[in-house]
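Participant: here is my input, please return the structure:
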Amino acid sequence: MGRTSKGRATDEPGPVIVMVRPQLGENIGMAARAMLNCGLSTLRLVSPRDGWPSDRAQRAASGADVVLEKAEVFETVGEAVADLEHVVATTARNRELVQRIVTARQAASDMRGWIAKGRKVGILFGPERTGLENEDMVHADTALSIPLNPQFSSLNVAQAVLLVAYEWATAGDETPPERMADHATRPATKEELQTLFAHLERALDESGFLRHKAMRPAMVLNLRALLQRAAMTEQEARTFHGVIKFLSKHKHEE
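Facilitator: Take a look at the predicted model:
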(Lines give C-alpha, C1' and ligand atoms only; values in the text may rest on other atoms or scores of the structure.)
Protein backbone atom coordinates (compact mmCIF):
# COMPACT_ATOMS: atom_id res chain seq x y z
CA MET A 1 0.00 0.00 0.00
CA GLY A 2 1.20 3.48 -0.75
CA ARG A 3 1.98 6.44 1.43
CA THR A 4 -1.00 8.30 2.79
CA SER A 5 -1.55 11.66 4.38
CA LYS A 6 -1.32 11.89 8.14
CA GLY A 7 -3.23 9.00 9.66
CA ARG A 8 -6.05 9.49 12.13
CA ALA A 9 -6.36 7.63 15.39
CA THR A 10 -9.41 5.53 16.14
CA ASP A 11 -11.71 6.44 19.01
CA GLU A 12 -11.88 2.79 20.14
CA PRO A 13 -9.87 2.11 23.31
CA GLY A 14 -7.12 -0.41 22.75
CA PRO A 15 -3.97 -1.83 24.31
CA VAL A 16 -0.82 0.24 24.72
CA ILE A 17 2.06 -0.99 22.58
CA VAL A 18 5.34 -0.93 24.53
CA MET A 19 8.54 -1.39 22.51
CA VAL A 20 11.37 -2.27 24.87
CA ARG A 21 14.85 -1.04 23.91
CA PRO A 22 14.14 -0.88 20.16
CA GLN A 23 17.34 -0.68 18.14
CA LEU A 24 16.23 0.65 14.77
CA GLY A 25 14.15 3.73 14.05
CA GLU A 26 12.85 2.00 10.92
CA ASN A 27 11.29 -0.75 13.03
CA ILE A 28 9.62 1.80 15.29
CA GLY A 29 8.15 3.51 12.23
CA MET A 30 6.95 0.27 10.67
CA ALA A 31 5.44 -0.80 13.99
CA ALA A 32 3.61 2.54 14.18
CA ARG A 33 2.26 1.98 10.67
CA ALA A 34 1.11 -1.54 11.63
CA MET A 35 -0.56 -0.19 14.75
CA LEU A 36 -2.56 2.45 12.90
CA ASN A 37 -3.54 -0.10 10.24
CA CYS A 38 -5.22 -2.03 13.04
CA GLY A 39 -6.74 0.92 14.89
CA LEU A 40 -4.12 1.33 17.63
CA SER A 41 -2.34 4.59 18.33
CA THR A 42 -0.79 4.53 21.83
CA LEU A 43 2.93 3.76 21.64
CA ARG A 44 5.47 3.77 24.46
CA LEU A 45 9.21 3.37 23.95
CA VAL A 46 11.64 2.11 26.59
CA SER A 47 15.20 3.42 26.07
CA PRO A 48 15.31 3.46 22.24
CA ARG A 49 18.94 2.85 21.28
CA ASP A 50 19.25 5.75 18.83
CA GLY A 51 17.25 8.23 20.87
CA TRP A 52 13.97 9.95 20.14
CA PRO A 53 12.52 11.48 18.00
CA SER A 54 13.82 9.63 14.95
CA ASP A 55 13.80 10.75 11.32
CA ARG A 56 14.15 7.12 10.25
CA ALA A 57 11.05 6.18 12.20
CA GLN A 58 9.16 9.09 10.63
CA ARG A 59 10.05 7.95 7.11
CA ALA A 60 9.21 4.30 7.79
CA ALA A 61 5.85 5.16 9.35
CA SER A 62 4.47 6.08 5.91
CA GLY A 63 1.97 8.57 7.26
CA ALA A 64 1.22 7.09 10.69
CA ASP A 65 2.30 10.43 12.17
CA VAL A 66 -0.32 10.47 14.90
CA VAL A 67 1.26 7.40 16.52
CA LEU A 68 4.78 8.84 16.54
CA GLU A 69 3.66 12.29 17.67
CA LYS A 70 1.93 10.80 20.71
CA ALA A 71 4.70 8.30 21.53
CA GLU A 72 6.10 8.50 25.07
CA VAL A 73 9.63 7.55 26.09
CA PHE A 74 10.56 5.86 29.39
CA GLU A 75 13.85 4.73 30.89
CA THR A 76 12.61 1.42 32.29
CA VAL A 77 9.90 -1.14 31.64
CA GLY A 78 8.60 -0.62 35.16
CA GLU A 79 7.98 3.06 34.47
CA ALA A 80 6.37 2.32 31.10
CA VAL A 81 3.80 -0.07 32.56
CA ALA A 82 3.25 1.57 35.95
CA ASP A 83 -0.29 2.72 35.20
CA LEU A 84 -1.39 -0.50 33.49
CA GLU A 85 -3.51 -3.19 35.12
CA HIS A 86 -2.80 -6.04 32.71
CA VAL A 87 0.44 -6.55 30.79
CA VAL A 88 0.98 -9.14 28.05
CA ALA A 89 4.59 -9.90 27.06
CA THR A 90 5.51 -11.37 23.68
CA THR A 91 8.15 -14.09 23.68
CA ALA A 92 9.44 -16.68 21.22
CA ARG A 93 11.53 -18.66 23.69
CA ASN A 94 10.89 -20.73 26.78
CA ARG A 95 11.73 -18.85 29.93
CA GLU A 96 12.53 -19.89 33.48
CA LEU A 97 9.47 -18.02 34.72
CA VAL A 98 6.18 -19.79 35.38
CA GLN A 99 3.57 -17.79 33.49
CA ARG A 100 0.31 -18.29 31.69
CA ILE A 101 1.14 -18.57 27.98
CA VAL A 102 -1.46 -17.76 25.30
CA THR A 103 -1.64 -17.37 21.55
CA ALA A 104 -2.11 -13.95 19.96
CA ARG A 105 -5.74 -14.82 19.23
CA GLN A 106 -6.46 -15.74 22.84
CA ALA A 107 -4.59 -12.66 24.05
CA ALA A 108 -6.75 -10.47 21.79
CA SER A 109 -9.90 -11.97 23.29
CA ASP A 110 -8.58 -11.54 26.83
CA MET A 111 -7.58 -7.94 26.20
CA ARG A 112 -10.94 -7.02 24.76
CA GLY A 113 -12.57 -8.44 27.85
CA TRP A 114 -10.29 -6.48 30.18
CA ILE A 115 -10.67 -3.24 28.27
CA ALA A 116 -14.47 -3.65 28.17
CA LYS A 117 -14.28 -3.59 31.98
CA GLY A 118 -12.37 -0.31 31.88
CA ARG A 119 -8.95 -1.75 32.62
CA LYS A 120 -5.74 -0.45 31.06
CA VAL A 121 -3.79 -3.03 29.08
CA GLY A 122 -0.35 -3.07 27.47
CA ILE A 123 1.69 -5.41 25.27
CA LEU A 124 5.48 -5.65 25.58
CA PHE A 125 7.67 -6.24 22.52
CA GLY A 126 11.36 -6.90 23.00
CA PRO A 127 14.52 -5.67 21.26
CA GLU A 128 15.22 -6.90 17.73
CA ARG A 129 18.22 -9.10 18.55
CA THR A 130 17.44 -10.57 21.96
CA GLY A 131 13.74 -10.25 22.66
CA LEU A 132 12.50 -9.62 26.18
CA GLU A 133 14.65 -10.64 29.13
CA ASN A 134 13.35 -12.22 32.34
CA GLU A 135 13.72 -8.84 34.03
CA ASP A 136 11.22 -7.49 31.47
CA MET A 137 8.89 -10.50 31.61
CA VAL A 138 8.30 -10.21 35.35
CA HIS A 139 6.26 -7.08 34.70
CA ALA A 140 3.73 -9.17 32.74
CA ASP A 141 0.94 -11.36 34.04
CA THR A 142 0.54 -13.16 30.70
CA ALA A 143 3.05 -14.36 28.10
CA LEU A 144 2.10 -14.36 24.43
CA SER A 145 3.75 -16.93 22.17
CA ILE A 146 3.14 -17.05 18.43
CA PRO A 147 3.12 -20.65 17.08
CA LEU A 148 5.40 -20.49 14.05
CA ASN A 149 7.85 -22.85 12.35
CA PRO A 150 9.90 -24.21 15.30
CA GLN A 151 12.95 -24.29 13.03
CA PHE A 152 12.55 -20.61 12.13
CA SER A 153 10.29 -18.72 14.52
CA SER A 154 12.12 -15.39 14.67
CA LEU A 155 10.02 -12.36 13.69
CA ASN A 156 11.05 -8.80 12.99
CA VAL A 157 9.59 -6.71 15.83
CA ALA A 158 7.42 -4.69 13.45
CA GLN A 159 6.05 -7.95 12.02
CA ALA A 160 5.25 -9.12 15.54
CA VAL A 161 3.43 -5.86 16.28
CA LEU A 162 1.40 -6.24 13.08
CA LEU A 163 0.48 -9.84 13.82
CA VAL A 164 -0.67 -9.14 17.39
CA ALA A 165 -2.41 -5.88 16.42
CA TYR A 166 -4.20 -7.68 13.59
CA GLU A 167 -5.53 -10.31 15.98
CA TRP A 168 -6.72 -7.48 18.21
CA ALA A 169 -8.50 -5.81 15.30
CA THR A 170 -10.15 -8.96 13.94
CA ALA A 171 -11.37 -9.99 17.41
CA GLY A 172 -13.69 -6.98 17.31
CA ASP A 173 -14.38 -6.92 13.57
CA GLU A 174 -17.88 -7.59 12.28
CA THR A 175 -17.04 -7.86 8.58
CA PRO A 176 -18.95 -10.86 7.14
CA PRO A 177 -16.63 -13.72 6.11
CA GLU A 178 -18.01 -13.57 2.57
CA ARG A 179 -19.73 -10.89 0.51
CA MET A 180 -20.16 -9.74 -3.06
CA ALA A 181 -17.80 -7.08 -4.34
CA ASP A 182 -19.18 -3.58 -3.85
CA HIS A 183 -19.29 -2.90 -7.58
CA ALA A 184 -21.36 -5.99 -8.36
CA THR A 185 -25.04 -5.73 -9.24
CA ARG A 186 -27.67 -7.12 -6.90
CA PRO A 187 -28.26 -10.90 -6.68
CA ALA A 188 -30.77 -12.24 -9.19
CA THR A 189 -34.23 -12.86 -7.77
CA LYS A 190 -35.70 -16.35 -7.81
CA GLU A 191 -38.21 -15.20 -10.43
CA GLU A 192 -35.37 -14.01 -12.68
CA LEU A 193 -33.60 -17.33 -12.23
CA GLN A 194 -36.77 -19.28 -13.04
CA THR A 195 -37.17 -17.25 -16.24
CA LEU A 196 -33.56 -17.99 -17.14
CA PHE A 197 -34.00 -21.71 -16.46
CA ALA A 198 -37.10 -21.78 -18.66
CA HIS A 199 -35.24 -19.98 -21.48
CA LEU A 200 -32.35 -22.44 -21.24
CA GLU A 201 -34.69 -25.43 -21.14
CA ARG A 202 -36.51 -24.30 -24.30
CA ALA A 203 -33.21 -23.80 -26.10
CA LEU A 204 -31.97 -27.24 -25.09
CA ASP A 205 -35.24 -28.83 -26.23
CA GLU A 206 -34.98 -27.09 -29.60
CA SER A 207 -31.36 -28.16 -30.00
CA GLY A 208 -32.19 -31.81 -29.29
CA PHE A 209 -29.96 -31.96 -26.22
CA LEU A 210 -32.88 -33.15 -24.06
CA ARG A 211 -34.15 -35.70 -26.57
CA HIS A 212 -33.93 -38.70 -24.20
CA LYS A 213 -37.29 -38.63 -22.38
CA ALA A 214 -36.21 -40.97 -19.59
CA MET A 215 -33.14 -38.92 -18.74
CA ARG A 216 -34.71 -35.50 -19.33
CA PRO A 217 -36.12 -34.82 -15.82
CA ALA A 218 -32.84 -35.61 -14.06
CA MET A 219 -30.81 -33.59 -16.58
CA VAL A 220 -33.10 -30.57 -16.19
CA LEU A 221 -32.91 -30.73 -12.39
CA ASN A 222 -29.12 -31.05 -12.42
CA LEU A 223 -28.76 -28.06 -14.75
CA ARG A 224 -31.08 -25.98 -12.58
CA ALA A 225 -29.12 -26.94 -9.45
CA LEU A 226 -25.85 -26.04 -11.19
CA LEU A 227 -27.09 -22.58 -12.15
CA GLN A 228 -28.59 -22.06 -8.70
CA ARG A 229 -25.21 -22.76 -7.06
CA ALA A 230 -23.65 -20.12 -9.29
CA ALA A 231 -25.37 -17.43 -7.18
CA MET A 232 -25.83 -15.20 -10.22
CA THR A 233 -26.28 -11.48 -10.08
CA GLU A 234 -29.03 -9.78 -12.04
CA GLN A 235 -26.46 -8.65 -14.63
CA GLU A 236 -25.05 -12.17 -15.00
CA ALA A 237 -28.54 -13.61 -15.54
CA ARG A 238 -29.19 -11.07 -18.32
CA THR A 239 -25.82 -11.92 -19.88
CA PHE A 240 -26.67 -15.63 -19.79
CA HIS A 241 -29.98 -14.87 -21.55
CA GLY A 242 -27.94 -13.16 -24.26
CA VAL A 243 -25.63 -16.16 -24.62
CA ILE A 244 -28.57 -18.56 -25.01
CA LYS A 245 -30.25 -16.27 -27.54
CA PHE A 246 -27.04 -15.91 -29.56
CA LEU A 247 -26.35 -19.64 -29.67
CA SER A 248 -29.96 -20.44 -30.59
CA LYS A 249 -29.91 -17.89 -33.40
CA HIS A 250 -26.79 -19.36 -34.94
CA LYS A 251 -28.19 -22.88 -34.59
CA HIS A 252 -31.25 -21.87 -36.63
CA GLU A 253 -29.07 -20.23 -39.30
CA GLU A 254 -27.11 -23.42 -39.98
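Participant: what comes into contact with the helix or strand hosting residue 218?
Facilitator: According to DSSP states H and E, residue 218 maps onto helix 216-229. Outside helix 216-229, the residues that touch it by C-beta atoms under 8 Å, 6 or more residues apart in numbering are 193, 196, 197, 200, 201, 204, 210, 212, 240. For every residue, glycine as well, the C-beta is placed using N, CA and C.
Participant: I figured residue 73 hits residue 48, correct?
Facilitator: Yes - contact criterion C-beta atoms under 8 Å: residue 73 and residue 48 qualify, at 6.8 Å.
Participant: look up phi and psi at residue 118.
Facilitator: When read as degrees, to the nearest 10, the backbone of residue 118 gives phi 90, psi 20.
Participant: per-domain residue ranges of this structure.
Facilitator: Per automatic domain parsing, the domain ranges recorded for the chain read 16-171, 190-253.
Participant: dump these to TSV, plus mean pLDDT.
Facilitator: Written out in TSV, the entries for the domains of the chain read as follows (pLDDT from 0 to 100):
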stretch	mean pLDDT
domain 16-171	92
domain 190-253	90
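Participant: can I get those in a markdown table with mean neighbour count?
Facilitator: Shown next, in a markdown table, are the domains of the chain (neighbours: other C-beta atoms under 10 Å):
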| stretch | mean neighbour count |
| --- | --- |
| domain 16-171 | 18 |
| domain 190-253 | 13 |
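Participant: which of these sits closest to residue 178?
Facilitator: domain 190-253 (10.3 Å; C-beta to C-beta).
Participant: and the strands in the protein?
Facilitator: With strands called from DSSP state E, the chain shows them at 16-20, 43-46, 72-74, 86-90, 100-102, 121-125, 142-144.
Participant: of all the ones you listed, which one is nearest residue 150?
Facilitator: With C-beta to C-beta, the closest approach to residue 150 among the strands of the chain belongs to strand 100-102: 15.0 Å.
Participant: okay if I get the domains of the chain as a markdown table plus distance to residue 178?
Facilitator: Formatted as a markdown table, the domains of the chain follow (distance: least, C-beta to C-beta, whole Å):
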| stretch | distance to residue 178 |
| --- | --- |
| domain 16-171 | 15 |
| domain 190-253 | 10 |
